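Peer 1: Got a sequence here, can you model it:
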Amino acid sequence: MPKPRKTLVSLEATPYYHCVSRCVRRAFLCGEDAHSDQSYEHRRQWIEDRLLQLAAVFAVDVCAYAVMSNHYHVVLHVDPIEAQAWDDAEVIRRWQEIFKGHPLARQFLAGEALSKAESQLLKTLVGEWRARLMDISWYMRCLNEFIARQANAEDGCTGRFWEGRFKSQALLDEKALAAALAYVDLNPIRAAMAATPEASEYTSIQQRIRYALAGRTEDTGQPPELMPFAGNPRDDMPKGLPFRLSDYLALVDWTGRALREGKRGAIRSDALPILERLNIEPQYWLFLATQFESRFKGLVGTAYKLKAACATLGYQRTPGLAACRELLT
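Peer 2: Numbering: from 1, shown residues only. Next up is the predicted model:
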């Protein structure tokens, strides 16, 4: 039986999550429909624009994304420290970028005096909004509901656009994070929608490659909408993904070539630097790059991390232990 979302999300265990939403009703609600010859390709742009817009409002960073024909993937990073640093006015301004808000909030921003009871009510509301602005469920809700309304209005119909709630996987360590990032970025290549990462439309890897080519350095060549690569872990490490951008781009290119050629046994077996640091065998890495979503359930990481997270969440069993032990430990 699937576990409730609250038992899969624990910021004490990890701030990183891989989320997936799939369309319902027809197979190609976001791409080219071969049966009707009608194009819904523009909806992929809707999703890309919306997920990046929400990242600028929420205390949630987009690490990777890929918008496919009938589903999309996104790897998110939740930053509660950022949310707690906002003052009340900042929380209200951010919330009102998405929702109408509350009359008391508008009075507060306008500098109008509030009674003691009104101030207490506003304080309660601001606390709720702050919590929601660092919640991946609210992020995904604001993304999916917005797209569903647009698509239904365009189709002149009502009903579900998405196949139930989104699926999420908690990424407990660097190995799981790297595998999820590459799995998402290489989705179009696995689906034969693109021949190279830089040709993969509506993906984070295309954005990162474009900026890297334009900036030429890792300091300037990273898109501001995405969580940056901060380099290998160190004492003075800034906020960002714990890998070097150049290492990750080389890894994605290496993996993409193997997937395109379909000759896993023929690819060079010497590990790239990023795989050596993460202690992942190349053959296991290629398997992770194609089977990440199907082999792992809600929690993904080394056996030690998985057991610790299950203890934190109060699980009586350790789901997915065999797969994590085989591929990540």
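
Peer 1: what is the mean pLDDT for stretch 173-184?
Peer 2: If you average the pLDDT over stretch 173-184, you get 95.

Peer 1: Could you verify that residue 83 is part of a helix?
Peer 2: Yes: residue state for residue 83 (DSSP: H, G, I helix; E, B strand; the rest coil) corresponds to a helix.

Peer 1: Off-centre distance for the helix or strand in which residue 323 is found?
Peer 2: Here residue 323 sits within helix 321-327, counting by DSSP states H and E. Remark: helix 321-327 is offset 23 Å from the chain centroid, using C-alpha atoms, centre = their mean, to the nearest Å.

Peer 1: other SSEs contacting it?
Peer 2: For helix 321-327, the packing partners by 3 or more C-beta pairs under 8 Å, 6 or more residues apart in numbering; DSSP states H and E come out as helix 282-295, helix 303-313. Any C-beta I mention is one placed from the backbone N, CA and C, and that applies to glycine too.

Peer 1: Tell me the helices and strands packed up against the longest one.
Peer 2: Counting by 3+ C-beta pairs under 8 Å, 6+ apart, the packing neighbours recorded for helix 282-295 are strand 16-22, helix 174-185, helix 245-261, helix 321-327.

Peer 1: which element follows it toward the C-terminus?
Peer 2: Beyond helix 282-295 toward the C-terminal end (DSSP H and E), the next one is strand 299-300.

Peer 1: quick one: which of the helices and strands packed on helix 282-295 is nearest residue 167?
Peer 2: Of all the helices and strands packed on helix 282-295, strand 16-22 sits nearest to residue 167, with 4.6 Å by C-beta to C-beta.

Peer 1: Show me what that closest one is in contact with.
Peer 2: Residues outside strand 16-22 that contact it (C-beta atoms under 8 Å, 6 or more residues apart in numbering): 9, 63, 70-78, 136, 140, 143-144, 162-163, 166-171, 176-177, 180, 183-184, 292-293, 300.

Peer 1: could you flag which of these are buried?
Peer 2: Among the contacts of strand 16-22, those classed as buried by neighbour count (16 or more other C-beta atoms under 10 Å) are 9, 63, 70-78, 136, 140, 143-144, 162, 166-171, 176-177, 180, 183-184, 292-293, 300.

Peer 1: So which of those belong to helices?
Peer 2: Those of those mapping onto helices are 136, 140, 143, 144, 176, 177, 180, 183, 184, 292, 293, per DSSP state H.

Peer 1: residue closest to the middle of the protein?
Peer 2: Nearest residue to the geometric centre of the chain (C-alpha atoms, centre = their mean): residue 75, 1.9 Å.

Peer 1: low pLDDT regions in the protein?
Peer 2: Across the chain, the ranges flagged by pLDDT under 70 are 1-9, 25-36, 216-220, 260-271.

Peer 1: same thing but at 90, please
Peer 2: For the chain, the stretches with pLDDT under 90 are 1-14, 23-42, 69-70, 101, 151-161, 163-165, 190-199, 211-222, 231-238, 253-329.

Peer 1: Residue 164 belongs to a strand?
Peer 2: No: per three-state DSSP, residue 164 lies outside any strand segment and is coil.

Peer 1: quick one: contacts for the residue nearest to residue 196 when sequence neighbours are not counted?
Peer 2: Once flanking residues are discounted, residue 196 sits nearest to residue 256: 6.7 Å by C-beta to C-beta, 6 or more residues apart in numbering. Going by C-beta under 8 Å, 6+ apart, residue 256 touches 186, 189, 196, 197.

Peer 1: got it, and residue 92?
Peer 2: Each residue near residue 92 by C-beta under 8 Å, 6+ apart is listed here: 101, 105, 108, 109, 126, 129.

Peer 1: repeat that for 7 Å
Peer 2: By C-beta atoms under 7 Å, 6 or more residues apart in numbering, the residues touching residue 92 are 101, 105, 108, 109, 126.

Peer 1: contacts for the helix or strand encompassing the second one?
Peer 2: Meaning residue 105. Using DSSP H and E, residue 105 falls within helix 103-109. Applying C-beta under 7 Å, 6+ apart, the external contacts of helix 103-109 come out as 89, 92, 96, 114, 118, 121, 122, 125.
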